[in-house]
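Novice: just a sequence and a predicted model for now, questions to come.
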Amino acid sequence: MITEYLTKTYPRTFWATRVRLGSPHPELLTPGISEEERRMIGVWRRWADAVIVQKDKVIIMEAAIRPDPGDVSKLELYRRLLPVTDEYRQYKDRPVECVLLYAIEDPATILMAREQGIKCIEYKPDWLSSYMALLTARETRGVLHG
């Protein structure tokens, strides 16, 4: 879903998916460590669904068919990790915008995200109805609130 959205929305902008964020724990970075060993240690880092680098800002995006509060928490963490990520350190002075991309609205999660300054974008890909037909009725809607 996210690659489709990024391709349509940011055709001429640098973006990457499944982006490792943060830096390896300092105790693991011993003197003389090779670049290959450093990359292996890096698999322990967190990863964002996408990072989009624009001239005036960096966007961190998390995508979910049905978002949940955990997606909001992830974005908050990724915002903190971006400035200490070696691969993105050159952009550390640019403002960071967090975006939650979703297909089925969960009003409570969307409200929580917006309260945290996270931009929420509804995106319903053409294949969504076919995918939803495979799920049970309970799984095709957001959480009901009374």
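Specialist: Ah, there it is. These figures come from a predicted structure and were not determined experimentally. Residues are numbered from 1 along each chain as shown.
Novice: what's the burial count for Pro67?
Specialist: Pro67 has 24 neighbours, counted by other C-beta atoms under 10 Å. Every C-beta, even on glycine, is put in place using the N, C-alpha and C of the backbone.
Novice: helix or strand: which one has it?
Specialist: Using DSSP states H and E, Pro67 is not contained in any helix or strand.
Novice: for it, give me its contacts.
Specialist: Leu100, Tyr102, Asp106, Thr109, Ile110, Ala113 (C-beta atoms under 8 Å, 6 or more residues apart in numbering).
Novice: so which of these belong to strands?
Specialist: Leu100, Tyr102 (DSSP state E).
Novice: where does the spatially most central residue of the chain fall, phi/psi-wise?
Specialist: Residue closest to the average C-alpha location in the chain (C-alpha atoms, centre = their mean): Glu62, at 2.8 Å. When read as degrees, to the nearest 10, the backbone of Glu62 gives phi -120, psi 140.
Novice: quick one: it from Ile104, how far?
Specialist: 15 Å (C-beta to C-beta, to the nearest Å).
Novice: thinking the residue nearest to the centre of the chain is in contact with Val99, fair?
Specialist: Yes. Counting by C-beta atoms under 8 Å, Glu62 does reach Val99; the two are 7.5 Å apart.
Novice: list the residues that contact both of those two?
Specialist: Contact criterion C-beta under 8 Å, 6+ apart; residues shared by Glu62 and Val99: Leu75.
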